[in-house]
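Peer 1: Using only what follows, build the 3D model:
(chains A and B)
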Amino acid sequence: MAQPLVKKDDDRDDEADYSPFLGIEKGAVLQEARVFNDPQLDPRRCSQVITKLLYLLNQGETFTKVEATEVFFSVTKLFQSKDIGLRRMVYVMIKELSPSADEVIIVTSSLMKDMTSKTDMYRANAIRVLCRITDGTLLTQIERYLKQAIVDKNPVVASAALVSGIHLLQTNPEIVKRWSNEVQEAVQSRAALVQFHALALLHQIRQNDRLAVNKLVSSLTKGSVRSPLAQCLLIRYTSQVIRESANNNQTGDRPFYDFLEGCLRHKAEMVIFEAARAITELNGVTSRELTPAITVLQLFLSSSKPVLRFAAVRTLNKVAMTHPMAVTNCNIDMESLISDQNRSIATLAITTLLKTGNESSVDRLMKQITNFMSDIADEFKIVVVEAIRSLCLKFPLKHRSLMNFLSNILREEGGFEYKKAIVDSIVILIRDIPEAKESGLLHLCEFIEDCEFTYLSTQILHFLGIEGPKTSDPSKYIRYIYNRVHLENATVRAGAVSTLAKFGAMVDTLKPRVFVLLRRCLFDNDDEVRDRATLYLNTLGGDGAVVETGEDVKEFLFGSLDIPLVNLENSLKNYEPSEESFDINSVPKEVKTQPLAEKKAPGKKPTGLGAPPAGPPSTVDAYEKLLSSILEFSNFGKLFKSSAPVELTEAETEYAVNVVKHIFDGHVVFQYNCTNTIPEQLLENVTVIVDASEAEEFAEVASKPLRSLPYDSPGQTFVAFEKPEGVPAVGKFSNMLRFIVKEVDPSTGEAEDDGVEDEYQLEELEVVAADYMLKVGVSNFRNAWETMDADCERVDEYGLGPRESLAEAVNAVINLLGMQPCEGTEVVPNNSRSHTCLLSGVYIGNVKVLVRLQFGLDGPKDVAMKLAVRSEDEAVSDAIHEIVASG
Amino acid sequence: MESCPSIKNILLLDSEGNRVAVKYYSDEWPNNSAKEAFEKSLFTKTQKTNARTEAEIAMFESHIIVYKFVQDLHFFVTGAENENELILVTALQGFFDAVGLLLRGTVDKKEALENLDLILLCLDEIVDGGIILETDANVIAGKAASHSIDAAAPLSEQTISQALATAREHLARSLLK
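Peer 2: Sure, this is the predicted structure:
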């Protein structure tokens, strides 16, 4: 086809710009499409016109309804032509036009004819087109042909029917499910891709039948799958089966593990990788199971193909989060990847190294990263910053060099997201590593001297206001803050004024100076800034003399608003100006929905080493606010600890309930988060009836029912218990959800007036010793240990009996005590015979506790443990021993 | 849910990021401007990399993208974030090699546009609605090229019955007017 379809423009004679579609226009092509109606069809010309139409569609051109209908009708004429090439283009064109139901009828008979023709190419394509455009009614007519096609000896026809089946399963599952006999036969096909498509369809048909999937997997894993793609599918289904059977098969060998391991020796890289990845993602994978997978991934690391290297390093990166020791063998290969051309690979390698590295390698790594940072994009830098943050939390002693690194990169060019990631990291480090506070705050101060992002400046100013006054020399921050009042926009100036006021309130000696500065702000040209300055001058009072600030003023400056902002906003909108002034106490304090617990509940994986204790404070704040807003619980005192949500129902049941245990000094409050998953029901007066007969020291004192629980909007009900003050009482509670159920008409959403009382059994709930322990890390365990009084030390030895591995024993003890592992000691190196683990925490009554655990293997499986506890109170030390002894 | 490996889109762009042929299988990109924006940023992100000898890979807007360049043509295959990278690259290689076979070795934009029908058929044969249909380049190219325009039958060679049918339809239409 030498002839260009459109004449070339004269002034565009540059050869590189030449295109057969130059100057193409929709109107003209639509005109050309009239050739489809010619009584004497010219297949070549028709093909060209279709190509042009497809080109237009491909370039994003759209046809109006009328145009599309017109083209569709004329295209259907082309079924008259016997030209195979043209027919192929017609098929593609019809799929692109996706005709409406009444138009489909026009081509149905032509396509059905092709579907039963002798030419396999026609049959395969007609099936695909027909299934794409058809609706349910037509499907029953052609079902017979499709079933035949599935077992057709031509693989192209069989695949076309199977793939169409996969698509149709979404819209017409009941029909496709009738084909399972044929599909099952196709799974045995000799053609690789037919096997793949058949397996995919068969699994989708049966996916809700656990037993059937199990059977499918166990028969196929015996080895009749030839296609690599089908083998990958099989690996996915196998890991699904393993995951689902994990609950009832804790002991002994994992079923099908041998199959996965065997796949590591498959000849297709695709299969090897799929199997390796599946092994690394097994629940509670042991290091023995991991080793062969890590070995093949390590080989991939030095492959010449970037895709292989990427796949391997990405998987290892994930493994490093949970099993850093297992990945250390790959560190040398990983280090050479830092200079990889592909920056994604390099970044993944760096962050993996940061996760697996030990304290001594930190400095060397930091040197390499500094060179590396200058030539990667912001998105990669953010990943590195986050990795460095968790590294710093892991090795607090290294905070100096890591903090320096962060402040250096903070000074360099970068976008908002990147800068925000750095600032967030510094803030977290300041909060968690006391030693890093002063230097971190100064870095932040220097940053706001030259910061183009208003949001970051105000955030930092707010943070300075809270942390700055508590430092040894608060006065040195004043200069940085006051500079903002001179140099910045109104938003930042207002923020700076508030921060100044906080310094004035907290540091009495600074008060006179702050007063002078605040008075100057009275002349600002922005209303908000002036208003704030006036307000603070009045609230601080004392005319700038060195006097102590009142408690209520501090509460005003530092306390957070204990009412939800949404409620406040609503109340303010409803307030009509009148003689009576707005009363903030009239704002409802109840939180409508509580997304917090919802978000945390699913898939909370242990993040091992990297787990920064950054999250909890805010959660505790939120819980504390929620609880103190409920009258019945307001006199319980300070909230000591809130547990992570514990599920009390299986997934996908009618009502989903989880519970958060709130521990107070003399009380325990259970917060039941309930979700109603039935659209046709409204639950009212929801309570949980708790039977505490197996928890002798607890006595129920209050319960707060949930008035109504509509479909899909979570609500909470509470039950409170009294317990002996300061005593870590434990016990078991059985729960019953009781409620009045009302039918809801789904179309109108209205509930019927009459309801029926009903009950729903929930799982049991336990209060354990770990609930009385707060995870609080210390930065330098040895120092903390030495400063603790040795008289309060209690040492004893325990035999833990036969255990699966040393690591498993260590984890069990950590979970039993509920304490924070320090310095990465919760990770047990492979094949080691002994291990020392350091834990720290705060016990109920605010008693600091440090624990040193020494584990040793005694015989082939038996684990022995030496437990040394130091705490501020020897009674607590004894209590810890008691927990271990009774656990 | 353990799902079947799927392809979100296959793109063939030129050396300036313009479309030669693209095919989207996922509705994550609701309209043409979203698609164009995706192509543009993807192109900018990858253009400086050297993906001429081996296929390259990138994470981009929580997709995995594998790509390969030849002359002034850029081939891309996009998959989900957690997709097996090697499956995606198999699809890419199938597309890449099939185009090479169809264009008889001269793989550049000019040749691709002149044989756009073959490229479109080729895309149609690799993936159907996101599911990989075939990955063997020889098979793909064979199916896409299973016709040649020369074999087209002019009207003179139509069977009598077809000619009659055409005539009847023609007559019916003229009567209806």
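Peer 1: Isn't A:Thr51 up against A:Val90?
Peer 2: No. The criterion here is CB atoms under 8 Å, and A:Thr51 misses it with A:Val90 at 11.8 Å. Any C-beta I mention is one placed from the backbone N, CA and C, and that applies to glycine too.
Peer 1: Point to the residue nearest the middle of chain B.
Peer 2: Taking CA atoms, centre = their mean as the criterion, B:Leu123 is the residue nearest the geometric centre of chain B, at 2.8 Å.
Peer 1: give the contact list for that one.
Peer 2: For B:Leu123, the contact set (CB atoms under 8 Å, 6 or more residues apart in numbering or on different chains) comprises B:10, B:21, B:23, B:95.
Peer 1: helix or strand right after the strand or helix carrying it?
Peer 2: Assigned by DSSP states H and E, B:Leu123 falls within helix B:116-126. Proceeding N to C from helix B:116-126, the next assigned helix or strand is strand B:127-128, under DSSP H and E.
Peer 1: Remind me what the following helix or strand past that next one packs against, helices and strands.
Peer 2: Along the chain past strand B:127-128, the next helix or strand (assigned with DSSP H and E) turns out to be strand B:131-132. Here strand B:131-132 touches helix A:155-171, helix A:192-206, helix B:85-102, going by 3 or more CB pairs under 8 Å, 6 or more residues apart in numbering or on different chains; DSSP states H and E.
Peer 1: Figure out which of the ones you listed is closest to A:Cys263.
Peer 2: Judged by CB to CB, the one of the helices and strands packed on strand B:131-132 that comes nearest to A:Cys263 is helix B:85-102, at 13.1 Å.
Peer 1: how about the closest one: buried residues?
Peer 2: B:85-99, B:101-102 (16 or more other CB atoms under 10 Å in any protein chain shown).
Peer 1: May I have the beta-bridge partners of B:Ile10?
Peer 2: With DSSP bridges applied, B:Ile10 shows beta-bridge pairing to B:Lys23, B:Val77.
Peer 1: B:Glu125 is in contact with that one, correct?
Peer 2: No. The pair B:Ile10 / B:Glu125 is not scored as a contact, 11.4 Å apart, by CB under 8 Å.
Peer 1: Looking at those two, which is more packed in?
Peer 2: B:Glu125 (24 against 21; other CB atoms under 10 Å in any protein chain shown).
Peer 1: send the alpha carbons of the helix holding B:Leu123 over as PDB?
Peer 2: Extracted as PDB, the C-alpha positions of helix B:116-126 are listed here (Å, rounded to 0.1, in the frame of the first residue of the first chain):
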ATOM      1  CA  LEU B 116      -1.900   0.500  11.600                       C
ATOM      2  CA  ASP B 117      -4.500  -2.100  10.700                       C
ATOM      3  CA  LEU B 118      -2.000  -4.900  11.500                       C
ATOM      4  CA  ILE B 119      -1.000  -3.200  14.800                       C
ATOM      5  CA  LEU B 120      -4.600  -2.900  15.900                       C
ATOM      6  CA  LEU B 121      -5.300  -6.500  15.000                       C
ATOM      7  CA  CYS B 122      -2.200  -7.400  16.900                       C
ATOM      8  CA  LEU B 123      -3.500  -5.600  20.000                       C
ATOM      9  CA  ASP B 124      -6.800  -7.400  19.600                       C
ATOM     10  CA  GLU B 125      -5.100 -10.700  19.600                       C
ATOM     11  CA  ILE B 126      -2.900 -10.200  22.700                       C
END
